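Engineer: Predicted model follows, preceded by the sequence.
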Amino acid sequence: MTRVAIIGNSHIGAYMMAREAIEVAFPTLELSFFALPRHSFASCHYDESGVLIAREPAAEGLPDRIDLSEQDHILLAGQSFAISGLSRMIEDFDILGLPARGRARSVSWALLEEFLDFRIERHCQKLARFLRGDPRCVVAPTPFPADGAADLPEQAAGWLHHPAAAALIGLWSKTVAFHMSGLPYGYMPQPDHLIESPGRSAAAHARAAALGPDKTPSAPDYTHMNSDYGFAHFEAFARQWLGLEPECRTHSPRKEYDHGLGP
Amino acid sequence: MRSPYQDLPERAFWRSCVGRDDDAALAQLWAPKAGITRQTALMTIGSCFAQHLHRALVRGGWHVLQGEDMSAHMPTNLCHRFGYNLFSGRYGNVYTARQFRQLIEQALSPDPVPAPIWERQGRFFDALRPTVEPEGLGHPDEVAQSRKEHLGAVRAVLENTECIIVTLGLTESWIDTASGYALPTAPGTVAGDHDPACETFHNFTHGEVLEDLKASRDLLRAAGLPARFILTVSPVPLVATAGGDHVASATAYSKAVLRAVCGELQMSDPDFDYFPAYEIITTTIARGPYLDQFARQPTDDGVQLVLRAFSLALGAGDTAGKGPEDSPAIPPVPVPAPADDDTICEEILLEAFRK
């Protein structure tokens, strides 16, 4: 068996919900999961023997440690790569050269470039320290929010309603790819087939789409994906980084398992 | 027998004052005309040395206004690279009294004469603050938009300030023929190309500097703005002169003119005061001079001493360097960021063009 650890933050929920389907489609894989408390590297102790241990009690039902030394591959999911910084800049400023949106102040595209460069480089430095240059690691960014997130705070995804979303997300993506290329880890941007439009996931992949009719989705249900997304993303990961093709897929993983691990 | 000197205070006598940097001596270096408290809204503007003053005042816990504040968004070094949070506005270095006057004119005018725009390799620069966008902007319209927002922010600072600390740096300037504006640096240094038909060199006289400062005050008063002025003279010498003299003589002329204007205004006009930062840095009065190995930039110790003298003279104690490190904005944004000790001075770029 090939052992794969999926670690990260609340975004590992999509893979957990798809676990059964993944293990059916990839029977040679053995999955383990671990969520960092408070989504913070500082919340964990990574000891010399390779065991990652939560410094504080883990949420109910979640493991408080994982032995990464036993893993063949590690997928670190849900990394923000400072995209909130992009959001905040868009929220507070117009960008000179892009369509104006009535903000009182503007900043230049060059400033935005250098700002993102600084923030993303710093994020990558934290990644480098945390993962200790471990070549088993593949890092995936947080999935883009899904279509339909009407009540999503502007600061959480300011590019969604920006007429130049493609340019803004393009800059962010290019900067992340550049800085990740300098690290010994794999980098797996959100696959094209899982992107509805620049900076936006398909509505069908949001947790909101999997909620029962008696539940009203809230903003996190549009920023977190469901098991269909978890399966599709893992399938892309397995193809690209493990060299594996799925053996079968019986039905929608969304129907198989709803662990309820939300934000 | 009586002498007019016999009842004068200690501060009037060189022997009793020179070479001392104790609190009592520093407190005597300046006798403020009007009180300033930590709640007094201050605006900083001027040449390179004004950046030092701005930083020291902020760290010292003085209420320094911060227009166009970016400290909540970016680290200090990135703010500074793009001209933010170096002074109370993103105006870059304002070396001459004429630049100061024209900035006030533009900020208070509903329809200011457009500033010249320089071009470099397809990028465009605001000629009146060419370093605030190190890579320039993509279109002249972006420069105009940025300048419009900047002037609005300057106006807001002017409307809120109670005291403007103006650091005068130079008398030499290049004047844009078309607009009449004094430029902070010669075309062809940061961007643009020098064309003798488009810019002329000018070395301001005592009378012109005096007139520009009075006019600046009059502009504020005409707009109903009450700010008074504390003048200082930058101790930083000219990096180069275009006037034909030796750079040392040219520096002496500039500083002498500026210092003389400050003295005249201090003696004759209640709106103007003079704070002797220049003397503290360049003379032996406070165990100086405090200049770096190239005898050009003030040392950190010197800048701290300047702020100590400022604080002590105002009865605010010695608080140099003990406060937060970024200015409150309008309204205040209490987000401190790490300090950056580089002073940005486009004048230094002139050296790159030295043959």
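Structural biologist: Everything's here; your move.

Engineer: so when I look at B:Ser173, I'm seeing a helix, right?
Structural biologist: No. Read with DSSP: H, G, I helix; E, B strand; the rest coil, B:Ser173 is strand and lies in no helix.

Engineer: count of neighbours near it?
Structural biologist: Neighbourhood size, B:Ser173 [other CB atoms under 10 Å in any protein chain shown]: 23. (C-beta placed from N, C-alpha, C; glycine too.)

Engineer: A:Gly85 versus that one, what's the distance?
Structural biologist: 40 Å (CB to CB, to the nearest Å).

Engineer: swap in B:Gln102?
Structural biologist: 36 Å.

Engineer: out of those two, which sits in the busier spot?
Structural biologist: Between B:Gln102 and A:Gly85, counted using other CB under 10 Å, the more crowded position is B:Gln102 (24 against 21).

Engineer: residue contacts, the more buried one?
Structural biologist: B:Leu128, B:Tyr181, B:Ala182 (CB atoms under 8 Å, 6 or more residues apart in numbering or on different chains).

Engineer: now swap in A:Met1 and tell me
Structural biologist: With CB under 8 Å, 6+ apart, A:Met1 has these contacts: A:Thr28, A:Leu29, A:Glu30.

Engineer: Now list the buried members of those.
Structural biologist: A:Leu29 (16 or more other CB atoms under 10 Å in any protein chain shown).

Engineer: Pick out whichever of the contacts of A:Met1 sits closest to chain B.
Structural biologist: A:Leu29 (42.3 Å; CB to the nearest CB).

Engineer: ok so A:Ile53 is a helix residue?
Structural biologist: No. Assignment of A:Ile53 by three-state DSSP gives strand, placing it outside any helix.

Engineer: And the one helix or strand B:Leu103 maps to, how far out from the chain middle?
Structural biologist: Assigned by DSSP states H and E, B:Leu103 belongs to helix B:97-108. Taking CA atoms, centre = their mean, to the nearest Å, one finds the center of helix B:97-108 at 13 Å from the center of the full chain.

Engineer: Check which residues of the helix or strand immediately after it in the chain are buried.
Structural biologist: Downstream of helix B:97-108, the first helix or strand assigned by DSSP H and E is strand B:117-120. Using 16+ other CB under 10 Å as the test for burial, strand B:117-120 gives B:Ile117, B:Trp118.

Engineer: ditto for stretch B:182-198
Structural biologist: Within stretch B:182-198, the residues scored as buried using 16+ other CB under 10 Å are B:Ala182, B:Leu183, B:Pro184, B:Thr185, B:Ala186, B:Pro187, B:Gly188, B:Thr189, B:Val190, B:Ala191, B:Gly192.

Engineer: Can I get it in CSV, CA atoms only?
Structural biologist: Output in CSV follows, covering the C-alpha atoms of stretch B:182-198 (Å, rounded to 0.1, in the frame of the first residue of the first chain):
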residue,chain,number,x,y,z
ALA,B,182,9.8,74.0,-9.3
LEU,B,183,10.9,70.4,-9.7
PRO,B,184,12.4,68.3,-6.9
THR,B,185,15.1,67.0,-9.1
ALA,B,186,16.5,67.6,-12.6
PRO,B,187,14.8,65.9,-15.5
GLY,B,188,17.0,63.0,-16.6
THR,B,189,17.8,61.7,-13.1
VAL,B,190,14.8,59.7,-12.2
ALA,B,191,13.0,60.0,-15.5
GLY,B,192,12.5,62.4,-18.4
ASP,B,193,15.2,64.1,-20.4
HIS,B,194,16.8,67.4,-19.8
ASP,B,195,15.9,69.9,-22.4
PRO,B,196,17.2,73.4,-21.8
ALA,B,197,14.2,74.8,-23.5
CYS,B,198,11.9,73.1,-21.1
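
Engineer: I'd say B:Thr37 and B:Gly317 touch.
Structural biologist: No. When contacts are counted by CB atoms under 8 Å, B:Thr37 is not listed as touching B:Gly317 (11.9 Å).

Engineer: one step back: any chance of the contacts of B:Gln102 in CSV, plus secondary structure and pLDDT?
Structural biologist: Putting those into CSV (DSSP: H, G, I helix; E, B strand; the rest coil; pLDDT from 0 to 100) gives the following:
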residue, secondary structure, pLDDT
B:Leu128, coil, 97
B:Tyr181, coil, 98
B:Ala182, strand, 98
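
Engineer: tell me which parts of chain A are close to chain B?
Structural biologist: By CB under 8 Å from any CB of the partner chain, the residues of chain A that approach chain B are A:88-89, A:92, A:96-97, A:104-106, A:108-111, A:114-115, A:118.

Engineer: Would you point out the most distant pair within these?
Structural biologist: A:Ala104 and A:Phe118 (23.8 Å; CB to CB).

Engineer: Looking at these two, which has the bigger crowd around it?
Structural biologist: A:Phe118 (17 against 10).

Engineer: Between the two ends of stretch A:188-203, how far is it?
Structural biologist: One end of stretch A:188-203 to the other measures 21 Å (CA to CA, to the nearest Å).

Engineer: how distant is that stretch from the center of its chain?
Structural biologist: Relative to its chain's centre, stretch A:188-203 lies at 11 Å (CA atoms, centre = their mean).

Engineer: Show residues contacting that stretch.
Structural biologist: Residues outside stretch A:188-203 that contact it (CB under 8 Å, 6+ apart) are A:75, A:138-141, A:143-148, A:157, A:159-160, A:165-166, A:168-170, A:173, A:176-177, A:205, A:209, A:225, A:229, A:232-233, A:236-237, A:240-241.

Engineer: And those, which of them are buried?
Structural biologist: Buried, going by 16+ other CB under 10 Å: A:75, A:138-141, A:143-148, A:157, A:159-160, A:165, A:168-169, A:173, A:176, A:205, A:209, A:225, A:229, A:232-233, A:236-237, out of the contacts of stretch A:188-203.

Engineer: Where does the prediction get shaky in chain A?
Structural biologist: Low-confidence segments of chain A (pLDDT under 70): A:38, A:59-60, A:149-155, A:249-263.

Engineer: try the stretch 201-350 of chain B
Structural biologist: B:318-350.

Engineer: quick one, strands of it?
Structural biologist: B:228-233, B:272-274 (DSSP state E, counting those that start in this stretch).

Engineer: now swap in chain A and tell me
Structural biologist: For chain A, applying DSSP state E gives strands covering A:2-8, A:29-35, A:44-46, A:51-54, A:65-67, A:73-79, A:94-95, A:106-107, A:137-141, A:186-187.

Engineer: To B:Pro289, which of those strands lies closest?
Structural biologist: Closest of the strands of chain A to B:Pro289 is strand A:106-107, at 40.0 Å (criterion: CB to CB).

Engineer: Against which helices or strands is that closest one packed?
Structural biologist: When contacts are defined as 3 or more CB pairs under 8 Å, 6 or more residues apart in numbering or on different chains; DSSP states H and E, strand A:106-107 sits against strand A:94-95, helix B:140-160.

Engineer: Reformat these as TSV; add distance to B:Cys198.
Structural biologist: Output for those, formatted as TSV (distance: least, CB to CB, whole Å):
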stretch	distance to B:Cys198
strand A:94-95	32
helix B:140-160	16
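
Engineer: Need the winner for burial among those.
Structural biologist: strand A:94-95 (a mean of 21; mean count of other CB atoms under 10 Å in any protein chain shown).
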